[in-house]
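> Show me the folded form of this:
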Amino acid sequence: LFGPRTVRDVFGMVGDGPMAPLRGVEEDKIRVFLQGLQLVDVRTQLFAVDSMREGATDDYALFRDAWMQRRHYQIFGDQVRKGDDSLPGYLRDDEDPAAVSAEALALVPDDAAGLRAKVLGIHARALAATGRYDEAQSVGLDALELAERLDLNELASDAITTLSGLKKTGPKESLRAALADAVARAQETGALDAELRGRFLLGRSYQDWAEFDESERWFRSGIERGLEAGVPWAPYALEARWQLSWVLLVRGDWDEALALCDVRDQTPPPIPRGLLEGLRLTILFARGEDVSAELAALRRFWPREGGIVIHAAAVAIRQAGRRGDPAAVVAAYDDAVLVLTRIWHEWFSARIRLAAVTIGALASGIPAMSAAERAEYLARAEQLHADGRTVLDRYTDPSGFWGPEGRAWVKRLDAEILHLRWLVGTDAPPLGVLVDTWREDAVLFEDFGDVHELARSRATLAAILRASGDLAGARELGDLARETAHRLGAQPL
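Coordinates of the predicted model:
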């Protein structure tokens with residue numbers, strides 16, 4: 001029932017031995033079942049990681065590979081086979097983790113309070129992973145109260161981070177206070193995994209609100225803590241590095257982002273390397289380089305990690321648009337959606353961003369298309385827009401919060417379809433509506449703080465104004481976009 005640990009953590013467990021939850025469980029059947037529950041908890045936490053990543057329009061990206069590579073094969077090895085009836089239920093993917101953890105909770109003896117606190121925490125994570133946020137909050141609070149009462153600091157820290165991850169604990173200030181408390185508790189007890197998780201989630205909290213200075217500070221602290229402990233690729237140390245690289249990309253600190261993504265003198269596992277490589281290729285492509293070979297090399301990792309798909313697919317879509325191949329634009333989008341649907345579900349949030357990027361790439365090729373091709377690709381773009389809107393309609397978040405990045409990409413989705421209709425001349429919007437929509441898009445990306453996407457907005461709007469005869473307005477916006485492009489080294493822009 002212990003989470004991922006390093007060798008140094010094991011020595012710290014000796015003094016806590018008498019409090020180990022399973023020591024008081026004498027009945028063999030109950031003990032074996034509860035030992036199996038730890039495997040459900042591993043899978044539940046991976047499910048929870050995926051559900052947070054589904055917010056990838058805001059780039060919710062919690063990446064599991066460091067844990068998976070270290071633990072999945074240690075625990076399961078080659079024994080796990082789909083359809084293997086010899087496996088116990090708790091090892092099968094079709095078992096409801098919340099049902100298993102609820103059954104485990106019912107089996108906990110009345111006199112095993114420490115074990116009850118542990119299983120309550122697992123049950124809260126299982127409920128959250130299956131979308132039952134209100135129940136998860138209630139159970140999580142029970143786990144926290146019991147852990148506090150028993151002075152089980154590590155379990156209390158875990159409960160706090162679980163509750164904070166629900167985004168149901170109140171205003172963001174309360175969430176951050178809870179996470180800061182979790183980090184402090186983890187530091188006091190030597191719970192490295194809980195400390196890294198708390199630092200990462202604090203960074204994510206600030207990132208969600210585009211408060212990038214504080215986000216950067218907490219991500220850097222997570223990276224540094226992982227390095228100090230000798231586990232730079234451990235869960236949440238890796239994620240802190242990946243997300244900090246993304247923050248730097250968004251803010252326009254591209255050279256620093258490239259340095260952080262450069263792991264040629266290090267030995268990360270393949271998936272962490274692939275996550276950082278996706279961001280590196282995003283910058284290199286934006287600077288005009290042909291990254292086709294590198295994208296092809298990443299493709300084999302797509303089925304294993306959605307975070308790689310999101311960024312690599314966006315680059316592939318835009319690269320196909322740059323070379324004037326609309327069929328490849330659509331194929332890259334379809335490929336990404338197929339893979340991500342298998343990993344998450346059909347209406348994952350990042351689909352909004354991918355749809356907007358795809359429509360924009362199609363718009364760039366309109367001048368070279370025949371009338372028939374224009375009609376064909378406009379029809380496809382309309383479907384992409386409708387699909388993106390479906391994602392928005394289906395979007396569920398326990399807090400109801402849709403972050404600055406999400407709002408910007410929803411507006412970009414609408415702006416791109418209006419632009420495409422205007423270029424094709426079918427159901428074209430009034431010029432004023434088109435211009436206003438792109439101005440709103442620019443405002444939202446400026447509020448969000450995405451330097452390169454803001455320049456894209458201004459460049460597109462400048463082209464629209466120029467075509468409509470507003471040369472002065474076009475020149476003003478074009479100059480702003482050009483200044484940013486020069487600073488970033490974004491030659492194509």
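> mean confidence score for the helix or strand encompassing Leu227?
Taking DSSP states H and E as the criterion, Leu227 maps to helix 212-228. Across helix 212-228, the average pLDDT comes to 97.
> Same check on stretch 440-458?
Mean pLDDT, stretch 440-458: 97.
> Over to that stretch now: how far is its first residue from its last?
End-to-end distance of stretch 440-458 (Cα to Cα, to the nearest Å): 11 Å.
> and the helix holding Leu227, how far from the chain's centre?
Helix 212-228 sits 17 Å away from the centroid of its parent chain (Cα atoms, centre = their mean, to the nearest Å).
> helices and strands around that helix, which ones?
With contacts taken as 3 or more Cβ pairs under 8 Å, 6 or more residues apart in numbering; DSSP states H and E, helix 212-228 sits against helix 192-208, helix 237-251. (Each C-beta comes from the backbone N, C-alpha and C, glycine too.)
> Output these in CSV, with mean pLDDT, distance to Ala129 and mean neighbour count appended to each entry.
Converted to CSV, the helices and strands packed on helix 212-228 look like this (pLDDT from 0 to 100; distance: least, Cβ to Cβ, whole Å; neighbours: other Cβ atoms under 10 Å):
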stretch, mean pLDDT, distance to Ala129, mean neighbour count
helix 192-208, 88, 15, 26
helix 237-251, 97, 17, 25
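> Nearest to Phe301, out of those?
Nearest to Phe301, of all the helices and strands packed on helix 212-228, is helix 237-251, at 14.0 Å by Cβ to Cβ.
> which strands and helices sit next to the closest one?
When contacts are defined as 3+ Cβ pairs under 8 Å, 6+ apart, helix 237-251 sits against helix 65-67, helix 192-208, helix 212-228, helix 254-261, helix 270-286, helix 451-467.
> Now distance to Arg318 too, for these, in CSV please.
Output for those, formatted as CSV (distance: least, Cβ to Cβ, whole Å):
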stretch, distance to Arg318
helix 65-67, 26
helix 192-208, 24
helix 212-228, 24
helix 254-261, 16
helix 270-286, 7
helix 451-467, 10
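> quick one, which of those helices is nearest to Arg475?
helix 451-467 (7.6 Å).
> Relative to His486, how far out is Ile359?
Separation of Ile359 from His486 (Cβ to Cβ, to the nearest Å): 27 Å.
> swap that for Pro235, sorry
Distance, Pro235 to His486, using Cβ to Cβ: 39 Å.
> just Ala474 next, same as before
18 Å.
> the more surrounded of those two?
Ranked by neighbour count (other Cβ atoms under 10 Å), Ala474 and His486 place Ala474 first, with 19 against 11.
> Wait, the more buried one touches Ala462, no?
Yes. Using Cβ atoms under 8 Å, Ala474 is in contact with Ala462, at 4.5 Å.
> one step back: looking at the helices and strands packed on helix 212-228, which is nearest to Ala408?
Ala408 lies closest to helix 237-251 among the helices and strands packed on helix 212-228, at 10.7 Å (Cβ to Cβ).
> how about the closest one as PDB, C-alpha atoms only?
The C-alpha atoms that make up helix 237-251 are tabulated as PDB, following Å, rounded to 0.1, in the frame of the first residue of the first chain:
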ATOM      1  CA  ALA A 237       9.500  15.900 -11.500                       C
ATOM      2  CA  LEU A 238       9.200  15.100 -15.200                       C
ATOM      3  CA  GLU A 239       5.800  16.800 -15.400                       C
ATOM      4  CA  ALA A 240       7.300  19.900 -13.900                       C
ATOM      5  CA  ARG A 241      10.000  20.000 -16.500                       C
ATOM      6  CA  TRP A 242       7.600  19.400 -19.300                       C
ATOM      7  CA  GLN A 243       5.100  22.000 -18.200                       C
ATOM      8  CA  LEU A 244       7.800  24.600 -17.500                       C
ATOM      9  CA  SER A 245       9.100  24.100 -21.000                       C
ATOM     10  CA  TRP A 246       5.500  24.700 -22.200                       C
ATOM     11  CA  VAL A 247       5.200  27.900 -20.100                       C
ATOM     12  CA  LEU A 248       8.500  29.200 -21.600                       C
ATOM     13  CA  LEU A 249       7.300  28.300 -25.100                       C
ATOM     14  CA  VAL A 250       4.000  30.300 -24.500                       C
ATOM     15  CA  ARG A 251       5.800  33.300 -23.000                       C
END
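> Brilliant, that's me finished.
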